[in-house]
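1. Quick one, structure for this:
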Amino acid sequence: MDHLLDCTNKLFRSKGHNKCFPAKVKILTAVLKFIVDAISMEFAHLDPHTCMKFALEYVQFISSCFRKYSLNQLQLKEEGMHDTLLCVNSSFTYGAKLINLVLKNLFDASTPQLVAYHLANELLNLTVCIEHNMGHSHATRLLSAANPWIPDLILAFGSFHMMNHQIAVDSESVLPSWLSVLARIELFELQGSGSDEEQTETVTKETDFLAFKKLMGTVVKMLRANHGVLDGFGTTVLNILLIRLQSRDFNVVLGLLHFICVKLIKDDDLKQNELKKMLASLQQINHQIESESENSSNSEDELQVLQSAKTFIESVLNCSSDSPRKQ
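-> Below you'll find the model as predicted:
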């Protein structure tokens, strides 16, 4: 297995993507399938970290190539494109199944692995990459393959906080592209549609992600069904959000807070005294916003965004403070 993975790593580093990309995808998909089947059948003892690291690098490789394709830096014939996208759909399934197999052991041992978190992020990033660079129809097909595995992506993303572990700060300092797109979608919903040129441009951008929007609707429904999972998932998003706030990425902060405070948290959760980790994170973010609002270098628009963000948080915190506590 080590020799096999060493050979595939050479494929990642080799040049000539234009001519060999479809063939590489077929080979790498077959390798990923072999790994997943071997783990599933307990055919051999495989290091889960090494296997997920391979899957992570493979998904990153696919996303990079599709970005090059959209910039005309990579040429693909129609037949090659069709076969490649079929392999990508299969690879998504294998990557998610790998997470599923590894998570069973992780939760039994209460030892989350950072690479599972990163792999879940990259698979979600792949959904927006395909929709942005290849179009809505291809993204819809990918998400049809992804739907059965959404619970595993959710668990992997929130596993650290669900098991009361902390993710390394540098891991949460990078804003995943799927969260960036989600923030823009939420910001557009918050602002509403208008007739000026800037809003028209925003509408065009957000309608590029209709399939992803549907995916996130499914994610919300699944999260609402389990408070423990929701608390872990939401806390992970809020920790990333806090770092974006410290980086003065205020629009992302507002968009993600709209998602958290309007879509995820409902009054019933607060009445049952659930989501304690999320509430603690919201309090921390609220203090940071208050501090940031006193910065004299902020423009009026920035102050307005911060005030809107603070309003969302306080609506949740006030509802929480008014709710009866569990005995």
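
2. show me what contacts residue 81?
-> Residue 81 makes contact with residue 22 under the criterion CB atoms under 8 Å, 6 or more residues apart in numbering. For the C-beta atoms, the positions are set from N, CA and C on the backbone; glycine is no exception.

3. what about it, helix or strand, and which?
-> Under the assignment given by DSSP states H and E, the secondary-structure element containing residue 81 is helix 78-109.

4. What's the first helix or strand after that helix?
-> Using DSSP H and E, the helix or strand that follows helix 78-109 in sequence is helix 114-134.

5. Please save the CA atoms from that next one in CSV.
-> The C-alpha atoms that make up helix 114-134 are tabulated as CSV, following Å, rounded to 0.1, in the frame of the first residue of the first chain:
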residue,chain,number,x,y,z
LEU,A,114,-7.8,16.7,11.8
VAL,A,115,-7.5,15.2,8.3
ALA,A,116,-11.1,14.0,8.5
TYR,A,117,-12.2,17.6,9.1
HIS,A,118,-10.0,18.8,6.2
LEU,A,119,-11.3,16.1,3.8
ALA,A,120,-14.9,17.0,4.6
ASN,A,121,-14.1,20.6,3.9
GLU,A,122,-12.5,19.7,0.6
LEU,A,123,-15.4,17.6,-0.5
LEU,A,124,-17.8,20.5,0.2
ASN,A,125,-15.4,22.8,-1.6
LEU,A,126,-15.5,20.5,-4.6
THR,A,127,-19.3,21.0,-4.8
VAL,A,128,-19.0,24.8,-5.3
CYS,A,129,-15.9,24.3,-7.5
ILE,A,130,-17.9,22.1,-9.9
GLU,A,131,-20.9,24.4,-9.9
HIS,A,132,-18.8,27.5,-10.5
ASN,A,133,-16.5,26.1,-13.1
MET,A,134,-18.5,23.4,-14.8
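
6. relative to helix 78-109, how tilted is it?
-> Angle, helix 114-134 to helix 78-109, by axes from the mean of the first three to the mean of the last three CA atoms, to 10 degrees: 160 degrees.
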